[in-house]
Each structure stands twice: as C-alpha cells, then as structure tokens.
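Next comes the sequence, and after it the predicted model I'd like to discuss.
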Amino acid sequence: MNKDVMDKIREARKYQNMAVRALFPEKVVGHLEVIEEELKAMLKEVVVEVVKQETKKQNDRDSEPVINKEDSSKIKKVKIV
C-alpha cells in the first residue's frame with residue numbers, strides 16, 4: 001500500500017481509539033490502558049513461543065541423518081573383475 005494511505009489508516013485508528021475511550025469514565029479508561037498493555041505483552045509472548053517452537057522443529061529436521069536411497073536398498077553393487 002501507499003505510505004500515505006497507511007499513515008491515514010493509523011491516524012484514523014488513533015482517533016477511533018480516542019472516541020471509544022471518551023465513552024467511558026476516566027477511571028475505566030485507566031483500566032482499559034492496563035488491559036491493553038497486558039494483551040500486547042501476552043501476544044508478544046505467544047509469538048515468541050511459536051517462533052521458538054518452529055525454529056526448534058526446523059533445527060530437528062535439519063539435524064536428522066540423511067539416508068541415501070541407494071544405500072538403503074537391499075541390492076548390493078558387486079564389481080566383477
């Protein structure tokens with residue numbers, strides 16, 4: 001997307017958040033801010049954990065021994081001199 005469009009979307013989101021918060025008493029807004037920060041922290045933890053798990057899975061796949069199909073067959077190559 002165009003940078004200007006993204007900037008306008010961010011600004012609109014900011015005003016939307018301000019409008020929603022204006023509907024609540026000031027004490028409630030404080031609680032909403034704390035809840036919002038906690039949700040952000042939880043989301044970050046989940047993303048970090050998922051990335052760690054996927055990285056571990058990829059490392060496990062990379063460290064598995066590679067089996068050569070020729071070596072695993074029951075037919076042996078014999079040289080006749």
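Cool, the structure landed.

switch to C-alpha atoms for all contacts and neighbour counts from now on
Fine.

which element is the spatially most central residue of the chain on?
Closest residue to the average C-alpha location of the chain: Val47 at 4.2 Å, with Cα atoms, centre = their mean. Assigned by DSSP states H and E, Val47 belongs to helix 26-63.

what about the chain, any weak spots by pLDDT?
For the chain, applying pLDDT under 70 flags the ranges 64-73.

repeat that for 90
Residues of the chain meeting the criterion pLDDT under 90: 1, 26, 56-81.

helix, strand or coil for Phe24?
In three-state terms, and counting by DSSP: H, G, I helix; E, B strand; the rest coil, Phe24 is coil.

for Val78, that is, sorry about that
Val78 ends up coil, using three-state DSSP.

Quick one: residues contacting it.
Residues counted as contacts of Val78 (Cα atoms under 8 Å, 6 or more residues apart in numbering): none.

And for Ser63?
By Cα under 8 Å, 6+ apart, the contact list for Ser63 is empty.

and the strand or helix carrying Asp7, what does it pack onto?
Using DSSP H and E, Asp7 sits within helix 3-22. Packed against helix 3-22 by the contact rule (3 or more Cα pairs under 8 Å, 6 or more residues apart in numbering; DSSP states H and E) you find no helix or strand.

how about that helix: buried residues?
Arg21 (16 or more other Cα atoms under 10 Å).

Next, the angle helix 26-63 makes with that helix.
130 degrees (axes from the mean of the first three to the mean of the last three Cα atoms, to 10 degrees).

Contacts for helix 3-22 next, please.
Defining contact as Cα under 8 Å, 6+ apart, one finds that helix 3-22 is touched by Val29.

and if we set it to 10 Å?
Outside helix 3-22, the residues that touch it by Cα atoms under 10 Å, 6 or more residues apart in numbering are 28-30, 32-33.

ok, the residues you listed vs Thr55, which is closest?
When the contacts of helix 3-22 are ranked by distance to Thr55 (Cα to Cα), Glu33 comes first, at 33.1 Å.

That'll do, ta.
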